[in-house]
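J.: below is the sequence, then the predicted model.
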Amino acid sequence: MDTLHKLQEETLKAKEKLSLHQIHIKRCFDINFVGKNSFSVGDLVLKWDKSHEDKGKHTKLQSLWIGPYRVHEKPGQHIYHLQSLDGKIDSLPVNGQDLKKYFQ
């Protein structure tokens, strides 16, 4: 009976340690993810050109970033509607992972 009690205590300690570790990992992930791809309305960004990313669909020196675009709207946490600099608004939303800040 005593060994069973010790086993239950060790199990509880392991569960607590795992829970703390998961919280730590989530914090690290959130800091890295949100910090990299967080844009505001009006920011200038470049969009990843998915249609040319496969091997053979682009030349060696061709840039796979297109734009610049202006962030027109942010309907979700990592979802953006873009507007070209001539004022045309894209109808499809873009994931924040496919954007990077444009520096003039």
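T.: On my side now, so go ahead.
J.: how about stretch 7-23 as PDB, C-alpha atoms only?
T.: Presented in PDB, the C-alpha positions along stretch 7-23 are these (Å, rounded to 0.1, in the frame of the first residue of the first chain):
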ATOM      1  CA  LEU A   7       3.500   6.000  -7.100                       C
ATOM      2  CA  GLN A   8       0.400   8.200  -7.000                       C
ATOM      3  CA  GLU A   9       2.500  11.100  -5.500                       C
ATOM      4  CA  GLU A  10       5.100  10.800  -8.300                       C
ATOM      5  CA  THR A  11       2.400  10.700 -10.900                       C
ATOM      6  CA  LEU A  12       0.900  13.900  -9.600                       C
ATOM      7  CA  LYS A  13       4.400  15.600  -9.500                       C
ATOM      8  CA  ALA A  14       5.000  14.500 -13.100                       C
ATOM      9  CA  LYS A  15       1.600  15.900 -14.200                       C
ATOM     10  CA  GLU A  16       2.300  19.200 -12.500                       C
ATOM     11  CA  LYS A  17       5.800  19.400 -14.100                       C
ATOM     12  CA  LEU A  18       4.300  18.600 -17.500                       C
ATOM     13  CA  SER A  19       1.700  21.200 -17.100                       C
ATOM     14  CA  LEU A  20       4.200  23.900 -16.200                       C
ATOM     15  CA  HIS A  21       6.400  22.900 -19.100                       C
ATOM     16  CA  GLN A  22       3.500  23.200 -21.600                       C
ATOM     17  CA  ILE A  23       2.700  26.700 -20.300                       C
END
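J.: start at 34, not 1
T.: Noted, 34 is the first residue going forward, which turns the last one into stretch 40-56.
J.: helices of the chain, residue ranges please.
T.: Remark: helices assigned in the chain by DSSP state H are 35-69.
J.: give the buried residues for the top strand by length along the chain.
T.: The longest strand of the chain (DSSP state E) is strand 98-106. The neighbour-count check on strand 98-106 (16 or more other C-beta atoms under 10 Å) flags 100-104 as buried. Where you see a C-beta, it was placed from the backbone N, CA and C, and this is true even at glycine.
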